[in-house]
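Peer 1: what follows is a protein structure lacking sequence information:
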């Protein structure tokens, strides 16, 4: 799964990495993003290019009667995107990229759960595959845009920590993934595989367990006890 991650790259880096049509606004460094918070996503806007926008993390399907479902839909399994009612429409029409510098995973040990931070080998920014939705409250007409992070089976490096990992999209595939004109699952299924490149990972402070803590020290390496 993916339950915590970071977004702290400089604006100029994100513009280059994701080919944004305009500079993002109010982009503050985040070192401990938790479910149900607002997160930055990149999506293709017809006629306007790629934009970075903030949406609620936890998908609210357009047909949902209320927003409470979002806390159960922070992740979407790659294997069932085309089948699950909560995701199949967004998979065809509302795909996005979720910029990140790394994510956290917890390994179970005799000393309790130990968090690890996982990033690219060169620690450059990358992107999770995501889906987004537009939901209107049937009670008061409130509009909410939301998203989910797609997960897949873990690769060889992550498997000792957890059986699932976020789906990482190669920059070579950004254009296809974001293209709203591509609406057939078979054109996308080849991307739904564990990351095959090299990742960097190291243990970090258990301070990350608290979503109230959000600063740079959370991604710094620590020595494991014993």
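Peer 2: Alright, I've got the coordinates. Since we're looking at a predicted model, the values are computed, not measured.
Peer 1: okay, CA-based contacts and neighbour counts for the rest of this
Peer 2: Will do.
Peer 1: counting neighbours, what do you get for residue 137?
Peer 2: As a burial measure, residue 137 scores 15 neighbours (other Cα atoms under 10 Å).
Peer 1: I meant to write residue 207 there.
Peer 2: Neighbour count of residue 207, defined by other Cα under 10 Å: 14.
Peer 1: for it, give me phi and psi.
Peer 2: Residue 207 has phi and psi values of phi -60, psi -30 when expressed as degrees, to the nearest 10.
Peer 1: quick check, it in contact with residue 214.
Peer 2: No: here residue 207 lies out of contact with residue 214, judged by Cα atoms under 8 Å, at a distance of 9.1 Å.
Peer 1: tell me where this protein has strands.
Peer 2: Using DSSP state E, the strands of the chain run over 5-7, 30-33, 38-45, 49-57, 75-77, 95-100, 102-109, 112-120, 126-136, 143-153, 164-166, 199-203.
Peer 1: tell me the strands beside the last one, with direction?
Peer 2: Think strand 199-203. strand 112-120 (antiparallel) (DSSP bridges).
Peer 1: ok, residue 151 touching residue 77?
Peer 2: Yes: using Cα under 8 Å, residue 151 is in contact with residue 77, at 5.1 Å.
Peer 1: for stretch 139-147, measure first residue to last.
Peer 2: Terminal residues of stretch 139-147 lie 21 Å apart, using Cα to Cα, to the nearest Å.
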